[in-house]
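[1] Need coordinates for the following:
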Amino acid sequence: MTTETSEGSGAAQTGPAAPAKDGKCGIGDSHIHRDDVRRIWKECQSESFWYRALPLSLTGMAITGALIYNGTLNASKRFGYFPKLALAGILGFAVGKASYASTCREKFQKLGPGFGPGFGTWGRKPHFGPGHRHCHHVCEECKRQEAQAAAQVPAQPAQS
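    Below you'll find the model as predicted:
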């Protein structure tokens, strides 16, 4: 499906609802640069590791080691203390990474409307239509283009 624009029509629109040259809606069609997303993603990964996952993992392993040393937890006869320490480290790491998710979501939401309040929620179905990008607004030019596209579709002949 292609979208044609009427560049030579002489009717110039101005204002926030004016369509862009590519025929997309001008409101809510902000472009989010991949470099910004990549930078925030790396920042979130690094901060969640250093500030949450690693400290919780080490703390969990230290507490488990102390409980084994005091005799509260018994070491396995076959594997020793390793499985309990590994489990404590893995659980601490997972909880630390998960606890940083809301902070990362806030950082992404500051980028723009593509990462709005519903970003990161399960079951959300974003609105993608002709000329719309995460925007529920329909400008007049978009309505005209949709009407023209619907009128240009030839009717299917009835088979007997």
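
[2] how about the helices in the chain?
    Taking DSSP state H as the test, the helices found in the chain are 34-47, 54-70, 82-99, 101-109, 140-152.

[3] Take the last one, keep the C-alpha atoms, and write them as CSV.
    Coordinates of each C-alpha in helix 140-152 appear next as CSV, following Å, rounded to 0.1, in the frame of the first residue of the first chain:
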residue,chain,number,x,y,z
GLU,A,140,-7.9,16.4,7.8
GLU,A,141,-5.3,15.5,5.1
CYS,A,142,-5.1,11.9,6.6
LYS,A,143,-8.9,11.6,6.4
ARG,A,144,-8.9,12.7,2.8
GLN,A,145,-6.2,10.3,1.9
GLU,A,146,-8.0,7.4,3.5
ALA,A,147,-11.2,8.3,1.7
GLN,A,148,-9.4,8.5,-1.6
ALA,A,149,-7.7,5.1,-1.0
ALA,A,150,-11.1,3.6,-0.2
ALA,A,151,-12.7,5.0,-3.3
GLN,A,152,-9.9,3.8,-5.6
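
[4] Look up how far Lys143 lies from Ala151.
    13 Å (Cβ to Cβ, to the nearest Å). Placement of C-beta: from N, CA and C, glycine included.

[5] the more surrounded of these two?
    Lys143 (11 against 7; other Cβ atoms under 10 Å).

[6] Find me the pLDDT at that one, would you?
    Predicted confidence (pLDDT) for Lys143: 79.

[7] what's the answer for Glu146, then?
    Here the pLDDT value assigned to Glu146 is 83.

[8] Check the one 5 residues further on too.
    pLDDT recorded at Ala151 is 82.

[9] same deal with Ser76?
    So Ser76 comes in at 86 (pLDDT).

[10] Confirm for me that it is in contact with Pro83.
    Yes. Using Cβ atoms under 8 Å, Ser76 makes contact with Pro83 at a distance of 6.0 Å.
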